[in-house]
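[1] 3D, please:
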Amino acid sequence: MTVTLPIARRPVGRSELTVPRVALGCGNFGGVGSAPELFGQGLSQDDAFGLMDAAWELGIDHFDTADAYGGGRSERTIGEWMRRRGVRPIITSKTFNPMSAGEDLGLAPQRIVRQLESSLERLGVGCIDLYLAHEFDPEVPISDTVGAFEQLQWAGKIGAYGVSNFDAEQLQAALAAGAPQAIQNEHSLLAREDEAAVLPLCHREQVAYLVFSPLAGGWLTGKYRRGEAFPAGSRMTQRPDPYESFLTDETFDRLDRLSEMARADDRSLAGLALAWLLADDRVTQVVVGPGRPEHLAPVREALERPLSASEREEVGRC
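    Below is the predicted model:
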């Protein structure tokens with residue numbers, strides 16, 4: 001029987017919401033992220049239920065989704081799981097991307113309101129705990145978007161709000177227009193661009209920093225090897241575009257060094273990569289997107305075997 005872990009919690013910026021250091025990413029429920037051409041693929045409902053059951057038993061009570069994940073299938077699956085299990089996790093959802101080919105997209109206020117209502121219906125809840133702008137929309141003034149989020153927060157439809165996939169300049173503009181409490185961006189041992197400006201800005205302005213793709217789309221699990229074909233069903237065979245920049249000798253050399261370091265400390269590469277993130281006090285939460293319950297093992301490892309500050313620094317130099 002799986003033992004529930006005591007997972008530490010952190011506040012979401014200046015809001016009253018607190019979240020666990022680890023959340024379950026549900027982008028592969030009924031699809032592969034927001035890609036319309038892959039809607040209906042990804043995990044089946046039964047597989048998604050098994051993954052949510054395993055995460056919940058482990059102590060992960062925060063699920064991360066978006067309206068366009070699987071064209072709405074992710075939210076609908078989470079809603080059905082909650083109804084059948086009689087439990088209510090913390091929920092993050094997002095909006096920006098189209099729900100189907102040819103549908104509108106963006107962060108116009110009227111679209112945000114419409115999309116939120118449809119998300120609430122699919123999830124079967126009256127309020128989404130954390131609601132994010134999934135991308136920056138250059139076609140809509142950020143003040144209009146932030147204003148819409150704040151009205152929804154005032155109305156009790158969302159608990160806290162924030163942004164995702166914003167750079168430092170875009171986040172600064174959002175902060176000038178209102179009070180977003182969180183940002184969710186890609187960050188990992190292989191993707192560290194936010195260290196220069198976004199992370200310092202979050203620390204200064206008390207914005208919660210949430211991490212997606214902490215294992216770099218599977219690159220930090222050891223599944224991709226130099227000179228070998230990508231495993232069937234992996235992200236590099238389904239949706240490789242976000243990760244093509246990793247196809248370099250420099251990346252494989254770094255993975256070799258990290259793997260050697262992990263083996264020397266009797267850790268998995270994935271466990272080491274997650275522990276490196278969780279050892280950073282600037283990181284509020286790490287969102288993991290496993291494909292099967294057994295893929296949660298590195299999460300347990302990272303939580304049970306945290307890195308010290310000096311160990312984290314050594315890993316970061318590898």
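
[2] what about the nearest residue to residue 88 once chain neighbours are set aside, helix or strand, and which?
    Spatially, and ignoring its direct neighbours in sequence, residue 88 is nearest to residue 82 (6.0 Å; C-beta to C-beta, 6 or more residues apart in numbering). Using the backbone N, CA and C atoms, a C-beta is placed for each residue, glycine as well. Secondary structure assignment for residue 82, by DSSP states H and E: helix 73-85.

[3] go on, residue 130?
    Per DSSP H and E: strand 128-133 holds residue 130.

[4] That strand: what's the following helix or strand?
    Downstream of strand 128-133 (by DSSP H and E), the next one is helix 142-154.

[5] which residues does residue 42 contact?
    Residues in contact with residue 42, defined by C-beta atoms under 8 Å, 6 or more residues apart in numbering, are 28-32, 70.

[6] List phi and psi for it.
    phi 70, psi -150 (degrees, to the nearest 10).

[7] Check residue 158 too.
    Per degrees, to the nearest 10, the backbone of residue 158 is at phi -130, psi 150.

[8] Tell me the bridge partners for it.
    In this entry, residue 158 is beta-bridged to residue 128, by DSSP bridges.

[9] mind checking how far it is from residue 132?
    According to C-beta to C-beta, to the nearest Å, residue 158 and residue 132 sit 10 Å apart.

[10] how about the strands in the stretch 101-250 of the chain?
    128-133, 158-164, 182-186, 208-212 (DSSP state E, counting those that start in this stretch).

[11] other SSEs contacting the first one?
    When you say that, I think you mean strand 128-133. If you count contacts as 3 or more C-beta pairs under 8 Å, 6 or more residues apart in numbering; DSSP states H and E, strand 128-133 packs onto strand 90-95, helix 109-123, helix 142-154, strand 158-164, strand 182-186.

[12] Which one, of those, ends up nearest to residue 250?
    Among the helices and strands packed on strand 128-133, the nearest to residue 250 by C-beta to C-beta is strand 182-186 (18.4 Å).

[13] any idea how far the closest one is from the chain center?
    8 Å (C-alpha atoms, centre = their mean, to the nearest Å).

[14] outside of that strand, which residues touch it?
    12-13, 64, 92, 94, 130, 132, 160-166, 171, 194, 198, 202, 207-213, 284, 287.

[15] let's see 6 Å
    Around strand 182-186, the neighbours that count as contacts under C-beta atoms under 6 Å, 6 or more residues apart in numbering are 12-13, 132, 162-164, 166, 171, 194, 207-208, 210, 212-213.

[16] Same check on stretch 87-107?
    34, 36, 61-68, 71-72, 82, 115, 119, 128-130, 132-135, 137, 139-140, 145, 164.
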